[in-house]
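1. dropping the sequence and predicted coords here.
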Amino acid sequence: MNNIIARNAEIKILERKYRSNKSEFVMVYGRRRIGKTFLVNNVFSDRFTFTFVGARKQKPQVQLRRFADQLKVFSNSAYAPALGCWEDAFKELRILIERRPKEEKKVIFFDEMPWIDTPHSSFVEALEYFWNAWAAQRNDILFIACGSATSWMVNKLIKNPGGLHNRITEQIYLRPFRLGECEEYLHNNGCLWDKYTILQCYMAMGGVPYYMSLLNPEQSLAQNIDCLFFKKNAPMREEFDELFNALFSQADKYIVVVKALAANREGLLRAEIIEKTKMSGGSLTKILDNLERCDFIETYAHFKSSVRNTLYRISDPYTLFYFKFLYHKNTKNEHWWTNNMHSHSVEAWQGFSFETLCMAHLEQIKQKLGINGIATEVSTWRKTGEKVDKGTQIDLLIDRSDRVINLCEMKFSKEPYPITKDYETTLRNRMVIFKAETKTRKSLSTTMITTYGILQGIHSGIVQNEVIMEDLFKI
């Protein structure tokens, strides 16, 4: 097995299911490029009984022909069977399985399953019959269904109202890497960068293993960003359209929603999304749910408020980077990043992207604050009824059961962050406004989350707690 970073828990689950004394139906899902296929292939590299990969936008006849070719390979046959429908395909798969020794576990792996389920193919119905009428009656089948179209995986498998209802025996969701895991991955691949560089890398492409695999260890981060994002036919420039079209039908509607959210750094309420996109009802709910399932957006409750005040924000760093610097921008400067990395535009993006990064590392923040064993509720807050401004917006609150609320300020800087007289006044005023508006009786603790900490001075006493970049790398 190759060295697999940050997936020990998932490997243990797969191995446990392999040793199970009953048939298992395991679902492995997560966004595209996250390493699902790599994980399964490496765990079961020499133990597969049968594997098949769905093909995007291919007719059922093409899918079935390729399935038949796989049956030929795994059965060591000279001929591929003729398959007229998916029911025929599963019958032949049964024959293949029954030829294997009874005492061994039969590992069946269907990759990119959503692409197999083409319109009018009856694939899901055939799968239902195969599992319920035959595989589930045995004790030697490990069936692994894998796919990037998370909405399909959830709706057709987990929430299936028909024959597959409650048939999934294990769900394995692969999330993007966190900073500490990115550091391990990059160092393992020869990118011996320091934490500050890795943090900047994360802000551009997030914790997606495939994206990091494209990095050239012999180049600086700035050179890599130019090559991957700004050169002609740069892979990360083309990735966005491919990503959304592979994950979602009617991808253009998803992009409209994401574009609206990307343009509003503080996030949007559902009513605001409706106003900006002219979408509403069940279709918008479906889009927002699917974007959240695929790690593109996160929802944040408004402090002590109703569900309708839930805030939607972009949570995927790559998406933020794309809309900030690439979407509908036709720059032909192949060294744009190297030439502009110290510009005001980039610095503004760094500040917002750092906030998004911190939101993804709440467990590390709570660990540093020593409250990971305390019940907490995470939310955001802004003064209602007035235009949002710096004095009435708090992007991250940690409401603790020990009657303390951490009011978190997230600041990206290249050196210890100075607390000026004006900034101290802003923090004090924000605390007063928050207490008056919410009428909370809990203690308030101003918490700074920065790269290198705060610069100690006569105004820094306003800060009760600090979390620094080093803390965010804890695994």
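-> Received it, and whenever you're ready, just let me know what you need.
2. helix or strand with the lowest mean pLDDT in this protein?
-> Sorting the helices and strands of the chain by mean pLDDT, DSSP states H and E puts helix 150-153 at the bottom, at a mean of 89.
3. what is the mean pLDDT for the helix or strand following it?
-> Per DSSP states H and E, helix 150-153 leads on to strand 170-173 as the next helix or strand towards the C-terminus. The average of the pLDDT scores along strand 170-173 is 96.
4. next: stretch 343-357.
-> 95.
5. about what we covered before: output the least confident helix or strand of the chain as PDB, nothing but the C-alphas.
-> Only the C-alpha atoms of helix 150-153 are listed here, as PDB (Å, rounded to 0.1, in the frame of the first residue of the first chain):
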ATOM      1  CA  THR A 150     -22.400  13.900  -3.900                       C
ATOM      2  CA  SER A 151     -26.000  14.900  -4.500                       C
ATOM      3  CA  TRP A 152     -26.600  11.700  -6.500                       C
ATOM      4  CA  MET A 153     -24.800   9.500  -4.000                       C
END
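6. what does that helix contact?
-> Applying CB atoms under 8 Å, 6 or more residues apart in numbering, the contact partners of helix 150-153 are 27, 29-31, 113-114, 117, 145, 147, 247-248, 286, 289-290, 293-294. Any C-beta I mention is one placed from the backbone N, CA and C, and that applies to glycine too.
7. put the buried members of those into a PyMOL selection.
-> Burial among the contacts of helix 150-153 is assessed by 16 or more other CB atoms under 10 Å; the matching PyMOL selection reads:
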select buried, resi 27+29+30+31+113+114+117+145+147+247+248+286+289+290+293+294
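8. among the contacts of helix 150-153, which are in helices?
-> M113, P114, L247, K286, D289, N290, R293 (DSSP state H).
9. pretty sure the first one contacts G54?
-> So the one you mean is M113. Yes. Taking CB atoms under 8 Å as the definition, M113 is a contact partner of G54 at 5.9 Å.
10. which residues do these two both contact?
-> Contacts common to M113 and G54, judged by CB under 8 Å, 6+ apart, are G147.
11. and R178, what is it in contact with?
-> A6, G207, A360, H361, Q364, I475.
12. of those - the most surrounded one?
-> Within those, most neighbours by other CB atoms under 10 Å means G207, with 25 neighbours.
13. how close does that one get to D316?
-> As for G207, its distance to D316 is 10 Å (criterion: CB to CB, to the nearest Å).
14. ok, now E377?
-> 24 Å.
15. of the two, which one has the most company?
-> Ranked by neighbour count (other CB under 10 Å), E377 and D316 place D316 first, with 25 against 13.
16. show me where the stretch 351-475 of the chain has its strands.
-> With strands called from DSSP state E, counting those that start in this stretch, the stretch 351-475 of the chain shows them at 376-382, 393-400, 404-411, 417-418, 443-450, 454-455, 465-467.
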